[in-house]
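1. Model the following, please.
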Amino acid sequence: MKTGAIYHFTNGSEIRPIVNEKQIEALKRFATSKGIDIKKIYCDYTLKTSEQEAFMTFMKECEEYEYLVTKDFYHIRDKTTICMKVMKELRDKGITIVSMENGIFSFSEEPFDKPLRVVTYTQENGKIRDAEGSVDMQNDIFSLFAKRKTGWTIIHHYSDICFHQNDAEQLQLKELIKHKDEYDLVLVNNLGDIHKRTARLCKVREQIGKDIFSMQDGFLKYEKE
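-> Predicted coordinates for the structure are as follows:
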């Protein structure tokens, strides 16, 4: 069997410890269903990343395992940029991340030679000067990149200028999700443009159900199994 570890965290509450125990048991069953032999369980009892000593220990010992099993990507790190950095570090060490809710983490080889229908998404902070100009510049970069480096056809540019990354302001992101059947891949500058919070990024990724290519982060393949 494949060797693996489980990582989980809880808020440390003593009120309902049974909830955490049930979650760990669910992760064990999930790992078994994937043919992963769990050698060790790392669990933190705080939501503060700076105090998550079990996760730090796992990172030191991670090369002892082939797989890391988690509930979701959020349990790796709550901020998108940091989460992607950590997961790519684990990938580069030959460790596959498998989650119950977000599937398999896989940055794969870019499908640059395929004739894909592509949409782009840009999110710009409304506080900066000439936000619209920044969006136009990013769209020009996307178009030039697709033309020179890929066989892709950009069929639409979506963009939001907002002060907060929420449903009320990211209206174009809603449109991108609504029209998901019309394209094959989403092109972004970085995954944090979709959302800076890992949980929200994963939610949108599930709603789209398509591969995402980030010019800064790489090709994030959508895989449930």
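2. Could you tell me which residues make contact with the residue lying closest to Thr153 once chain neighbours are set aside?
-> Spatial nearest neighbour of Thr153, excluding adjacent residues (C-beta to C-beta, 6 or more residues apart in numbering): Arg117 at 5.8 Å. For every residue, glycine as well, the C-beta is placed using N, CA and C. Shown in contact with Arg117 (C-beta atoms under 8 Å, 6 or more residues apart in numbering): 152-153, 155, 182-185.
3. again with Gln23
-> 8, 10, 71.
4. What of Thr81?
-> With C-beta under 8 Å, 6+ apart, Thr81 has these contacts: 190-192, 196.
5. now it, what's its secondary structure?
-> Under the three-state scheme (DSSP: H, G, I helix; E, B strand; the rest coil), Thr81 adopts helix.
6. For PyMOL, write the selection for the buried entries among the contacts of Thr81.
-> Restricted to buried positions by 16 or more other C-beta atoms under 10 Å, the PyMOL selection for the contacts of Thr81 reads:
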select buried, resi 191+192+196
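7. Would you convert the contacts of Thr81 into JSON lines that also reports secondary structure, pLDDT and distance to Asp136?
-> Shown next, in JSON lines, are these (DSSP: H, G, I helix; E, B strand; the rest coil; pLDDT from 0 to 100; distance: C-beta to C-beta, whole Å):
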{"residue": "Asn190", "secondary structure": "coil", "pLDDT": "93", "distance to Asp136": "18"}
{"residue": "Leu191", "secondary structure": "helix", "pLDDT": "94", "distance to Asp136": "22"}
{"residue": "Gly192", "secondary structure": "helix", "pLDDT": "93", "distance to Asp136": "20"}
{"residue": "Lys196", "secondary structure": "coil", "pLDDT": "94", "distance to Asp136": "23"}
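8. Bridge partners for Leu68, pull those for me.
-> Counting by DSSP bridges, Leu68 forms beta bridges with Ala5, Ile97.
9. ah, wrong one, I meant Phe9
-> Note on Phe9: beta-bridge partners by DSSP bridges are Asp44.
10. so it touches His75, yeah?
-> Yes - using C-beta atoms under 8 Å, Phe9 is in contact with His75, at 6.2 Å.
11. Compare these two (neighbour count), which wins?
-> Higher neighbour count among Phe9 and His75: His75, with 24 against 21, using other C-beta atoms under 10 Å.
12. Show me the helices in the chain, by range?
-> All helices of the chain, identified by DSSP state H, fall at 17-33, 53-61, 80-92, 131-149, 171-178, 198-208.
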